[in-house]
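# Let's see this in three dimensions:
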Amino acid sequence: MTGSGERGIKTARVGIGYDSHRWCDGRPLVLGGVVIPHSWGLSGHSDADALIHAICDAVLGAVGAGDIGAHFPDTDPAYRGISSLVLLTRVREIATARGCRVVNVDATVIMERPKLRAHIDGMIANIAAALAMDDAAVSIKAKTNEGMGFVGRGEGVAVMAVALVEPAVVT
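Prediction:
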């Protein structure tokens, strides 16, 4: 494997992640590890944190390690209800085992409501802690879909994320 695998990467690489979840009753809304007051939560096997799931896929993609489902399948009862911040910490460990460190993460959450501005600092702090990086290396934006598509109709949430990784410096 050139540039990936057990030997690690040789240059900086970018990965992209995407996730979406349907709204459902009876669950808390969790994004970026923050419980957000809302009448609905997101449907999923874990805590259904679509923001963290997209970031996991971005990091895993950057280090050539597949996707979140390959590492934490929704058929495994061990992951039922698990905090996605735990999964993100494990993703960081996978990146580290491949000789990489995450340089920065940028994500966009797409949903009509609720508004997320008041919660973004907490999300950034949680994600930065799980990835063992400075808060300044994490960017999260929230957008609506202007009433278009499944997000615009209020059927669910979508998230896009990118992550930059580089070879870890051995000291």
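
# by contact count, what packs against the host helix or strand of Val105?
In this assignment (DSSP states H and E), Val105 forms part of strand 100-110. Under the contact criterion of 3 or more Cβ pairs under 8 Å, 6 or more residues apart in numbering; DSSP states H and E, strand 100-110 touches helix 50-62, helix 84-97, strand 138-143, strand 156-167. For every residue, glycine as well, the C-beta is placed using N, CA and C.

# okay, the next helix or strand along the chain from the first one in PDB with CA atoms only?
Downstream of helix 50-62, the next assigned helix or strand under DSSP H and E is helix 68-71. C-alpha atoms of helix 68-71 as PDB (Å, rounded to 0.1, in the frame of the first residue of the first chain):
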ATOM      1  CA  ILE A  68     -17.400   4.300  10.200                       C
ATOM      2  CA  GLY A  69     -19.700   1.300   9.400                       C
ATOM      3  CA  ALA A  70     -16.600  -0.900   8.700                       C
ATOM      4  CA  HIS A  71     -15.200  -0.200  12.200                       C
END
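
# Please spell out which residues along helix 68-71 are buried.
Ile68 (16 or more other Cβ atoms under 10 Å).

# Let me know the average pLDDT across that helix.
In this model, helix 68-71 carries a mean pLDDT of 96.

# same thing with stretch 130-142?
98.

# Tell me which residues are up against it.
Identification of contacts with stretch 130-142 by Cβ atoms under 8 Å, 6 or more residues apart in numbering yields 32-33, 51-52, 59, 85, 88-89, 92, 101-111, 115-117, 120, 123-125, 127-128.

# Can you tell me which of these are buried?
Judged by 16+ other Cβ under 10 Å, buried ones among the contacts of stretch 130-142: 32-33, 51-52, 59, 85, 88, 92, 101-111, 116, 120, 123-124, 127-128.

# hang on, the earlier thing: alpha carbons only: can I get the helix or strand following the strand holding Val105 in CSV?
Past strand 100-110, further along toward the C-terminus, the next helix or strand under DSSP H and E is helix 120-130. The C-alpha trace of helix 120-130 is given here as CSV (Å, rounded to 0.1, in the frame of the first residue of the first chain):
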residue,chain,number,x,y,z
ILE,A,120,-21.4,25.4,18.3
ASP,A,121,-18.7,26.4,20.8
GLY,A,122,-19.6,23.3,22.9
MET,A,123,-19.5,21.1,19.8
ILE,A,124,-16.1,22.5,18.8
ALA,A,125,-14.7,21.8,22.3
ASN,A,126,-16.0,18.2,22.3
ILE,A,127,-14.6,17.4,18.9
ALA,A,128,-11.3,19.0,19.6
ALA,A,129,-10.9,17.1,22.8
ALA,A,130,-11.8,13.7,21.1
